[in-house]
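*Asks:* compute the structure for the input listed below.
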Amino acid sequence: MARRIEDYALIGDTQTAALVGKDGSIDWMCLPRFDSGAIFAALLGDEGNGRWLIAPTAPVKQVRRRYLPETLVLETEFETDEGKVRLYDFMPPRDKVPDVARLVEGVEGAVEMRVELVVRPDYGSFLPWVRRLGDLVEMIAGPDAFSLRTPVRLVGQDFRHRATFRVGPKDRVPFRLSWHASHLPPMEMGPVPNALEDSIRWWRQWFSPCTYRGRWKNEVHRSLVTLKALTYAPTGGIVAAATTSLPEQLGGVRNWDYRYTWLRDATFTLLALMQGGFTEEAVAWRDWLLRAVAGDPAKLQIMYGAGGERRLPEWEIPWLAGYEGSKPVRIGNAAVDQRQLDVYGEVIDALHQARRADLDHEEDGWSLQRKLLDFLESSWSKPDEGIWEVRGPRRHFTHSKVMAWVAFDRAVQDVESFQLEGPADRWRAIAGEIHREVCEKAWDSERRTFTQAYGSKELDASVLLMPLVGFLPPSDPRVAQTTEAIGRELSWSGFIRRYTTSPNGADGLPEGEGAFLACSFWYADNLCLIGRCAEAEELFDKLRGLANDVGLLAEEYDPTARRMLGNFPQAFSHVGLINTAANLSGRGPAHDRHRETRQRARKTRT
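*Replies:* Numbers count the residues shown, from 1 in each chain. Modelled structure (predicted):
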């Protein structure tokens with residue numbers, strides 16, 4: 001039953017999400033939150049672990065699907081010898097309880113449809129108790145209850161609920177599945193056609209402030225909608241992906257839970273939202289950031305739950321076989337306890353960018369930033385696990401040092417530009433010390449490139465961020481030399497891997513993974529900055545061409561198998577697409593940083 005990752009589309013209500021296959025099967029859905037237990041887990045197991053299928057009974061000749069413009073409402077059209085039928089899938093923006101709605105609409109002929117509903121709470125492990133209340137089927141499993149409303153009468157058989165029905169032109173058959181706490185009665189639900197119209201209206205109203213009108217409008221707009229779909233509306237946090245344990249290598253062990261919010265994504269996500277004109281989401285994200293990181297700077301985490309939760313213990317699910325046999329299936333993420341010094345730079349840069357955009361008017365942000373800087377002052381010189389959350393020994397990773405420089409550099413800019421109080425001279429001296437150390441210890445003069453870590457011969461795509469964050473100007477010959485080295489040694493059919501995996505490598509894991517899409521976008525940014533814009537645009541065209549038929553990107557790509565890999569859809573990949581589209585237009589965040597750097601340099605000389 002295995003489906004390719006790119007065969008799925010995302011629906012969601014900005015608090016949780018589901019994946020719908022081209023065959024009309026919802027194979028993944030967590031309720032009531034992104035990180036709740038899945039009630040449909042066929043994605044990581046089989047049909048017995050939960051799924052909800054609605055599809056023609058006859059063989060399907062052709063499937064066409066799309067999102068209704070500027071929405072997250074999915075339309076799938078099935079064509080059979082009997083005729084054509086449309087299926088609308090969506091999750092209405094939440095009122096009190098989460099629910100998923102499905103509407104079958106006849107187009108041509110008379111098409112027989114089938115339904116199979118297999119609800120298995122807690123990642124496919126529990127068989128719920130089922131009872132029928134009129135046209136409502138209620139399924140109860142401990143604290144959770146699920147209610148299905150439809151005029152189609154489903155029959156229980158082999159612990160599954162099935163039915164067939166026929167639709168002709170203009171016939172509309174609704175289905176609505178909702179969650180509620182099992183000690184409470186089911187909520188009343190309105191008609192599905194009304195919910196469809198309300199959902200379309202809600203998404204288009206949300207999208208109306210969008211300011212992007214560039215050459216890649218369709219791709220950027222879909223990426224912005226996807227970022228919104230991965231936003232946890234009650235707090236403003238943005239999860240990295242809607243899934244867990246989709247593998248970075250088929251059959252491998254690089255299977256992680258990405259249903260949490262990473263601080264690392266802070267700056268790039270903020271810039272992507274602002275590029276699109278969504279200041280309300282950017283402010284909510286900034287506010288989430290301040291709440292999540294408040295407290296002891298020494299206990300800053302690299303990730304949090306969507307609500308700001310700190311405890312994300314990692315455990316494995318033995319009863320799920322894993323996507324195409326990729327085990328283990330992991331829940332939680334042990335990397336939450338790692339030391340990753342780069343996150344201090346990313347948090348401080350995000351707050352700095354918010355000030356530049358006039359989004360930050362709170363003194364608490366500056367107070368917190370100063371505490372983070374005080375801690376970083378005594379800690380930046382220590383080794384850590386680095387940006388890629390390696391499960392090997394700590395090292396002096398180049399990217400971590402560069403982002404420590406970013407922290408102090410942005411603090412100096414804040415004092416100079418916004419008249420904030422702080423020891424700018426001391427911070428400037430620390431930034432200078434870090435800069436000198438990186439240029440001395442991370443530069444390999446023989447290979448003429450910056451390397452993954454001090455004393456290492458390995459390359460790492462994270463050093464592509466050096467010019468993007470302003471550590472070095474694009475005119476510095478080391479930028480071009482490093483870009484060229486990465487293009488030679490980390491390229492896989494033109495796409496960029498994070499680093500070379502090996503049994504004795506830095507990450508402490510078995511070798512093998514796909515090309516990392518965010519790194520490929522960074523490489524395109526670097527090519528443009530060093531004047532190779534035609535090559536940058538060619539790569540960008542290849543990258544946006546990897547998106548599936550509804551415009552979604554996973555974390556990685558296997559150019560040999562021509563398949564997406566990793567969790568899906570991946571926020572960081574869509575952030576990269578948005579920012580690279582802006583950079584290639586000459587008005588993106590990388591260009592803004594260098595204009596700002598040049599202005600500061602001229603002011604200093606004056």
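*Asks:* now for residue 182: which residues touch it?
*Replies:* Residue 182 makes contact with 140-145, according to Cβ atoms under 8 Å, 6 or more residues apart in numbering. (Each C-beta comes from the backbone N, C-alpha and C, glycine too.)
*Asks:* what's opposite the residue nearest to residue 229 when sequence neighbours are not counted in the beta bridge?
*Replies:* Nearest residue to residue 229, sequence neighbours excluded (Cβ to Cβ, 6 or more residues apart in numbering): residue 12, at 4.4 Å. For residue 12, the beta-bridge partners under DSSP bridges are residue 17.
*Asks:* how about the secondary structure of residue 470?
*Replies:* Three-state call for residue 470 (DSSP: H, G, I helix; E, B strand; the rest coil): coil.
*Asks:* what's the neighbour count on it?
*Replies:* Neighbour count for residue 470, taken as other Cβ atoms under 10 Å: 22.
*Asks:* then residue 184?
*Replies:* Residue 184: 9 neighbours (other Cβ under 10 Å).
*Asks:* just to revisit the earlier point, out of the contacts of residue 182, the closest to residue 364 would be?
*Replies:* Taking Cβ to Cβ as the measure, residue 364 sits nearest to residue 143 out of those, at 36.0 Å.
*Asks:* tell me the contacts of that closest one?
*Replies:* Contacts for residue 143 (Cβ under 8 Å, 6+ apart) come out as 181-183.
*Asks:* give the buried residues for the longest helix along the chain.
*Replies:* Ranked by number of residues, the top helix in the chain under DSSP state H is helix 398-418. For helix 398-418, burial by neighbour count (16 or more other Cβ atoms under 10 Å) applies to 398-415.
*Asks:* what sits opposite residue 64 in the beta ladder?
*Replies:* residue 77.
*Asks:* so it sits against residue 76, correct?
*Replies:* Yes: the pair residue 64 and residue 76 passes the contact test of Cβ atoms under 8 Å, sitting 7.5 Å apart.
*Asks:* so between the two, which is more surrounded?
*Replies:* Set side by side, residue 64 and residue 76 show more neighbours around residue 76, with 22 against 13, by other Cβ under 10 Å.
*Asks:* what is the nearest of the contacts of residue 143 to residue 50?
*Replies:* residue 182 (17.4 Å).
*Asks:* for the closest one, give me phi and psi.
*Replies:* As for residue 182, its main-chain torsions (degrees, to the nearest 10) stand at phi -70, psi -20.
*Asks:* before we move on, what about the one 5 residues further on?
*Replies:* Backbone geometry at residue 187, expressed as degrees, to the nearest 10, gives phi -80, psi 150.
*Asks:* quick one: residues contacting it.
*Replies:* Residue 187 neighbours (Cβ under 8 Å, 6+ apart): 96-97, 147, 178, 180.
*Asks:* so where's the protein shaky on pLDDT?
*Replies:* 1-2, 360-362, 502-509, 587-606 (pLDDT under 70).
*Asks:* please repeat the previous calculation with a cut-off of 80.
*Replies:* Applying pLDDT under 80 to the chain flags residues 1-2, 95, 134, 266-267, 360-364, 391-392, 501-512, 586-606.
*Asks:* of the contacts of residue 143, closest to residue 47?
*Replies:* Checking the contacts of residue 143 one by one against residue 47 (Cβ to Cβ), the nearest turns out to be residue 182, at 24.5 Å.
*Asks:* ok, for that closest one, nearest residue in space, not its chain neighbours?
*Replies:* residue 145 (4.0 Å).
*Asks:* who's the one you found bridged to?
*Replies:* Beta bridges link residue 145 to residue 140, residue 180 when assigned by DSSP bridges.
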